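**Student:** model this:
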Amino acid sequence: MLMRLLGQDYGYSMKTASNLTQVACEKIRNAIVYGRLDLGEPLSENDLAKALGVSKAPIRESLSELRLKGLVDIVPQSGSYVFSPTQEQIEELCDFRILLETQAIELSMERDSRGMLSALKKIVREMKAAYNAADLFRSKVLDTEFHQTFFRHCGNRYLVDSYANIGHSVEALRYRFMDTAIYRSRAFDEHQKILELLLEEKTSKAAHILIDHISRTKKFQAKVNWSAGRLRRKDYKFREYAEVFAD
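**Tutor:** Residues are numbered from 1 along each chain as shown. Have a look, this model is predicted:
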């Protein structure tokens, strides 16, 4: 009986710890993706734990998980940092996106064109409403949804898993890239054109527009000198994590 109770307590403790890690990981991930934390910014385990009301253990596990997702760099004898891609890394990421997304579009049109097109039509309608309302955050979220839809209907788990491995990094860069009104307008026009061509079953032409769309992102992002927080640690000494994670 005692062993059973101890086992239940242990199981409850493990579940609680797992939940704390999951919540902490989600909050830190969103802060990175949606720009509340700078690219390259140093991350303090102590301050993160205090702001999120947990011990350092869930924070450490969260940072390790986010490292696997490409959102955090852990440097031995230095600390943890929000990822800060080099020009070469951005170019490689965009090239990989082109391979994955064009293949996903082709497979989705072959295997579930009705499902994908229905989803894309809904997203484009919502994109137009968000654009007209100047709702920047909603526009960014819908941009991500548009591209993820290719994979939800492609029927290939390896494509899905491959995109999931880079998805958060892509979203973090997209969020920062979409701050210009000119980009948002052009991006909406291209998303709409991709949908129109797919509705006409002109998959190859739609893929070409997608390639141009990603290539332009590649050229812009590769020119940006993202923050090198490791070299400017003192600039973040007074970072208020409570504000970062405020709802």
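**Student:** Give me the neighbour count for residue 147.
**Tutor:** 23 (other CB atoms under 10 Å). Where C-beta positions appear, they are placed from N, C-alpha and C, glycine not excepted.
**Student:** what do you get for residue 175?
**Tutor:** Counted with other CB under 10 Å, the neighbours of residue 175 add up to 19.
**Student:** List phi and psi for it.
**Tutor:** phi -60, psi -40 (degrees, to the nearest 10).
**Student:** Distance of it relative to residue 148?
**Tutor:** Residue 175 sits 14 Å away from residue 148, going by CB to CB, to the nearest Å.
**Student:** which stretches of this structure form helices?
**Tutor:** 2-33, 45-52, 56-68, 87-132, 136-152, 157-177, 181-199, 203-223, 241-244 (DSSP state H).
**Student:** show me the contacts for the spatially most central residue of the chain.
**Tutor:** Geometric centre of the chain, nearest residue: residue 168, 2.3 Å, by CA atoms, centre = their mean. By CB atoms under 8 Å, 6 or more residues apart in numbering, the contact set of residue 168 is 29, 32-33, 69-71.
**Student:** what does residue 59 give?
**Tutor:** 24, 28, 45, 48-49, 52.
**Student:** still on that earlier bit, any chance of JSON lines for the helices of the chain, columns distance to residue 77?
**Tutor:** Below are the helices of the chain laid out as JSON lines (distance: least, CB to CB, whole Å):
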{"stretch": "helix 2-33", "distance to residue 77": "22"}
{"stretch": "helix 45-52", "distance to residue 77": "15"}
{"stretch": "helix 56-68", "distance to residue 77": "16"}
{"stretch": "helix 87-132", "distance to residue 77": "23"}
{"stretch": "helix 136-152", "distance to residue 77": "36"}
{"stretch": "helix 157-177", "distance to residue 77": "25"}
{"stretch": "helix 181-199", "distance to residue 77": "39"}
{"stretch": "helix 203-223", "distance to residue 77": "30"}
{"stretch": "helix 241-244", "distance to residue 77": "23"}
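**Student:** of those helices, which approaches residue 80 most closely?
**Tutor:** helix 56-68 (4.9 Å; CB to CB).
**Student:** What is the burial count for residue 75?
**Tutor:** 10.
**Student:** Tell me where the model's unsure across this structure.
**Tutor:** Scanning the chain with the threshold set as pLDDT under 70 gives 1-17, 178-184, 221-234, 247.
**Student:** got the domain boundaries for it?
**Tutor:** Domain assignment for the chain, taken from automatic domain parsing, gives 2-84+227-244, 87-223.
**Student:** correct me, but residue 43 touches residue 83?
**Tutor:** No: using CB atoms under 8 Å, residue 43 is not in contact with residue 83, being 10.8 Å away.
**Student:** Looking at those two, which one has more neighbours?
**Tutor:** Using other CB under 10 Å, the more surrounded residue of residue 43 and residue 83 is residue 43, with 25 against 21.
**Student:** for that one, what are its contacts?
**Tutor:** Per CB under 8 Å, 6+ apart, neighbours of residue 43: 28, 37, 63, 72, 79-82.
**Student:** ok, 10 Å please
**Tutor:** 28, 31-32, 37, 59, 62-63, 66, 72-74, 79-82, 229, 236, 239, 241 (CB atoms under 10 Å, 6 or more residues apart in numbering).
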